[in-house]
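Peer 1: Just the structure for this:
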Amino acid sequence: MTKIHLITQKNECPNCSLREVCLPVEAPAGLQEEDFRQLNAVIKQSKKLKKGEYLFHAGESFSSLFAIRTGFFKTSVNTQDGRDQVTGFFMSGELVGMDGISINKYACDAVALEDSEVCELPFDRLEELQKHMPQLNLHFFRLMSREIVRDQNVMLLLGNMRAEERLAVFLLNLSDRLRMRGFAANDFILRMSREEIGSYLGLKLETVSRTLSRFNQEGLISVEHKHIKILQPDVLQAMISGCEGRRHVA
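Peer 2: Down below sits the predicted model:
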C-alpha cells in the first residue's frame, strides 16, 4: 500500500538533492528559517510506487505537482483510435504534473517505469506560500516556461527530422539530462521499451530497433538489450548539426 510521510526535520528541504527542483536556485540565500519551516510543512515525502503503478490518471482532478526523488516515469494519453501515445519521459530530479494546472485536471497518465519515489507538492498550499515568497513564484514560472519550450521542440522533432536524427536526439538528450544530475552520461540503462520510444518519437517499433542496430554496427553506440553505451557522441551530434534547439525535448 502506498504510504505518504510528512517531512518533520526542518532542514530536510535545504539538504535534499531535489532542492533545485522544488526550490529556486537562490533559495539558500533568499529564504529564511521560517520559510524553510513552512516549505517543510507543505511538501509531502515520500510516495513510493512500484513499476507499472500510476502516479495519476488523465482526467483526475489536479491537486499536486510531484518531484521525482528516484526512478523513472512516462506520461501518455489515449488517442481516439485507442492507442497509447507517449508524451514524455521524466527521471530523478525532474517535476511532473504541470499539465494539470491550466484545466485543473491532469491531461495525461503518469506511470512508473521502475520502482520509484516522489515528493508530493500540494498546489493549493504552494499557491499560498508563493504570495509571501516571490522568489518561489518566479521559480515555478521558469519551470512552466521550460515545459512550454519542451513541447515546442517535440513538434519540431516530429516534423522535421529523419528516423536516425530522432534517435540521435533522443539518446543525446538522455545523456545530457543524466549528466546534469550527476549520473554516468554515456553509459546507461533505457528504462522505457523500444515500443515506448517509438510512440514518443513517432516511429514504428521496427524502425527504432533497426536504427539502434545500425548505430551499433557503425560503432556509434553499444547496445546490449536495454544497456546503452554512447561511444561516439560527436558523430551523433554531427548527425543533427544545426538542430541544437531540438535536443532538449524528452
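Peer 1: CA atoms for contacts and neighbours, from now on please.
Peer 2: Fine.
Peer 1: does the residue nearest the centre of the chain sit in a helix, a strand or a coil?
Peer 2: Centroid check for the chain by CA atoms, centre = their mean gives Phe90 as the closest residue, at 2.2 Å. Classification of Phe90 using DSSP: H, G, I helix; E, B strand; the rest coil returns strand.
Peer 1: Can you check the pLDDT for it?
Peer 2: Looking at Phe90, its pLDDT stands at 93.
Peer 1: Name the residues linked to it by a beta bridge.
Peer 2: Under DSSP bridges, the beta-bridge partners of Phe90 are Phe73.
Peer 1: Spell out which residues sit in contact with it, please.
Peer 2: The neighbours of Phe90, taking CA atoms under 8 Å, 6 or more residues apart in numbering as the test, are Ile68, Phe72, Phe73, Lys74, Val96, Ala250.
Peer 1: do that again at 7 Å, thanks
Peer 2: Phe72, Phe73, Lys74 (CA atoms under 7 Å, 6 or more residues apart in numbering).
Peer 1: The last one and Leu220, how far apart?
Peer 2: It stands for Lys74. Distance from Lys74 to Leu220, counting by CA to CA, to the nearest Å: 26 Å.
Peer 1: Neighbour count for the two, which is higher?
Peer 2: More neighbours surround Lys74 than the other of Lys74 and Leu220, with 23 against 19 (other CA atoms under 10 Å).
Peer 1: which one is that one nearest to, not counting chain neighbours?
Peer 2: Nearest residue to Lys74, sequence neighbours excluded (CA to CA, 6 or more residues apart in numbering): Phe89, at 4.4 Å.
Peer 1: doesn't Ser64 make contact with Pro122?
Peer 2: Yes - in terms of CA atoms under 7 Å, Pro122 counts as a neighbour of Ser64; the distance is 4.2 Å.
Peer 1: Kind regards, and thank you for your time.
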